[in-house]
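Peer 1: Could you work out the structure for the sequence below:
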Amino acid sequence: PPGGSPGPGRGSGLRRRLPRLLVGVAIVAAVLVLALAALRAYLDRQWFVAISDGRVAVFQGVPTSVAGFELHRVVLRTDIDAARALELPFYADLHEGITADSREQAMEIVEQIRRDVEVAERQARRDQGEAA
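Peer 2: From the prediction side, this is the model:
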């Protein structure tokens, strides 16, 4: 009736649907939390070597970003000049990242880069001495 109280059963529909709606929202929230936890667990097991602030660095995660969120973080920034490493043809992809199966393997890659840069620097000094 106009201006009067709602007719019988009108408010009860909302009361019946509200619990189902809340359960649906809770399920969606739980799925999102589980998906984020699985993503974090996956990212925590991914490693790569790339460049950070002009230095060779070890990263945890994957070398990409989604919607402005970086899916990696720097774990160790070395003292190796990235420009020196990039001069060597086999490290030309250092900008994109060199993937590793573990932190230990990433550290081995860094040490190999260090050795290769040192060898190249020694060779360059030797070549300069011969040219003089």
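Peer 1: Please count neighbours and contacts with C-alpha atoms only from this point.
Peer 2: Noted.
Peer 1: residues making contact with stretch 38-53?
Peer 2: 56-63, 71-72, 74, 77, 82, 94-103, 106, 109-110 (Cα atoms under 8 Å, 6 or more residues apart in numbering).
Peer 1: So which of those belong to strands?
Peer 2: Applying DSSP state E to the contacts of stretch 38-53, the entries found in strands are 56-63, 71-72, 74, 77, 98-100.
Peer 1: Which single one of the residues you listed is nearest to Gly24?
Peer 2: Set against Gly24, the nearest of the ones in strands among the contacts of stretch 38-53 by Cα to Cα is Leu71 (29.3 Å).
Peer 1: Tell me how many other residues surround that closest one.
Peer 2: Leu71 has 17 neighbouring residues, counting by other Cα atoms under 10 Å.
Peer 1: Let me know whether it touches Leu36 as I believe.
Peer 2: No - using Cα atoms under 8 Å, Leu71 is not in contact with Leu36, being 12.0 Å away.
Peer 1: tell me which element Phe48 falls in.
Peer 2: Assigned by DSSP states H and E, Phe48 belongs to strand 47-52.
Peer 1: Pull up the pairing partners for that strand, direction included.
Peer 2: Next to strand 47-52 in the sheet, as set by DSSP bridges, lie strand 55-66 (antiparallel), strand 98-100 (antiparallel).
Peer 1: Ile80 versus Arg122, what's the distance?
Peer 2: Taking Cα to Cα, to the nearest Å as the measure, Arg122 falls 15 Å from Ile80.
Peer 1: relative to strand 55-66, how tilted is the lowest-mean-pLDDT helix or strand in the chain?
Peer 2: Each helix and strand of the chain was given a mean pLDDT (mean pLDDT, DSSP states H and E); the minimum falls on helix 10-44 at a mean of 81. On the basis of axes from the mean of the first three to the mean of the last three Cα atoms, to 10 degrees, helix 10-44 is oriented at 150 degrees to strand 55-66.
Peer 1: shouldn't Ala83 be in contact with Gly54?
Peer 2: Yes - Ala83 lies in contact with Gly54 (Cα under 8 Å); the separation is 7.1 Å.
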